[in-house]
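J.: predicted model follows, preceded by the sequence.
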Amino acid sequence: MKKISMERAVHQWTEWLDDTLSEGLSMAHATRLEAWLKRGNRRKRLTEAADWKAVNQFLKDKAGEGVKHGTIKQYTATFKSFFKYLFNEGYLDKNPGALIRIRPQLLSVDQKEAQDRVP
């Protein structure tokens with residue numbers, strides 16, 4: 001496993017996002033990851049941040065705050081992208097993103113957005 005600082009890992013991932021996604025989507029992913037890193041003071045060590053249980057707890061907390069299911073899915077996509085990138089680049093031995101999920105049963109009816117049906 002290659003070593004990298006958390007700051008450098010985030011920088012490399014956001015550069016990769018900028019090359020592969022639209023500017024708005026890339027910025028949204030980066031903003032969500034930064035919010036999570038700041039909230040849990042995970043800016044120091046990559047190995048501490050790469051804890052799928054901590055990510056799942058963060059998502060449960062978001063659900064408890066009343067965040068909509070669609071937004072939680074966006075956070076999930078951000079985490080999965082970040083960890084998959086780090087795994088593919090050889091910075092992680094395992095991809096913790098594969099274990100990240102939110103159970104819809106934890107969400108209230110109001111948090112679950114209605115599905116638009118197309119006739």
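T.: In hand now; what should we look at?

J.: count the neighbours of the nearest residue to G40 once chain neighbours are set aside for me.
T.: Once flanking residues are discounted, G40 sits nearest to A54: 6.4 Å by C-beta to C-beta, 6 or more residues apart in numbering. Placement of C-beta: from N, CA and C, glycine included. As a burial measure, A54 scores 15 neighbours (other C-beta atoms under 10 Å).

J.: do the one 5 residues further on as well
T.: Other residues within reach of L59, judged by other C-beta under 10 Å, total 22.

J.: thought it was touching I100?
T.: Yes: here L59 reaches I100: they are 7.4 Å apart, a contact under C-beta atoms under 8 Å.

J.: mind pulling up the pLDDT for the residue nearest to G40?
T.: Looking at A54, its pLDDT stands at 82.

J.: ok, now how distant is the closest residue to Q74 other than its chain neighbours from D93?
T.: Take Q74 and drop its neighbours on the chain: the residue closest to it by C-beta to C-beta, 6+ apart is R32, 6.7 Å away. Distance, R32 to D93, by C-beta to C-beta, to the nearest Å: 24 Å.

J.: look at the two and report which has more neighbours.
T.: R32 (18 against 9).

J.: residues making contact with the helix or strand encompassing that one?
T.: R32 belongs to helix 23-39 when assigned by DSSP states H and E. Outside helix 23-39, the residues that touch it by C-beta atoms under 8 Å, 6 or more residues apart in numbering are 6, 10, 13-14, 17-18, 20-21, 42-43, 49, 55, 58, 74-75, 77-79, 81-82.

J.: pLDDT on that helix, on average?
T.: Looking at helix 23-39 alone, the average pLDDT works out to 89.

J.: same thing with stretch 96-114?
T.: Stretch 96-114 comes out at a mean pLDDT of 65.

J.: give me the three-state assignment for K94.
T.: K94 carries the three-state label coil when classified by DSSP: H, G, I helix; E, B strand; the rest coil.
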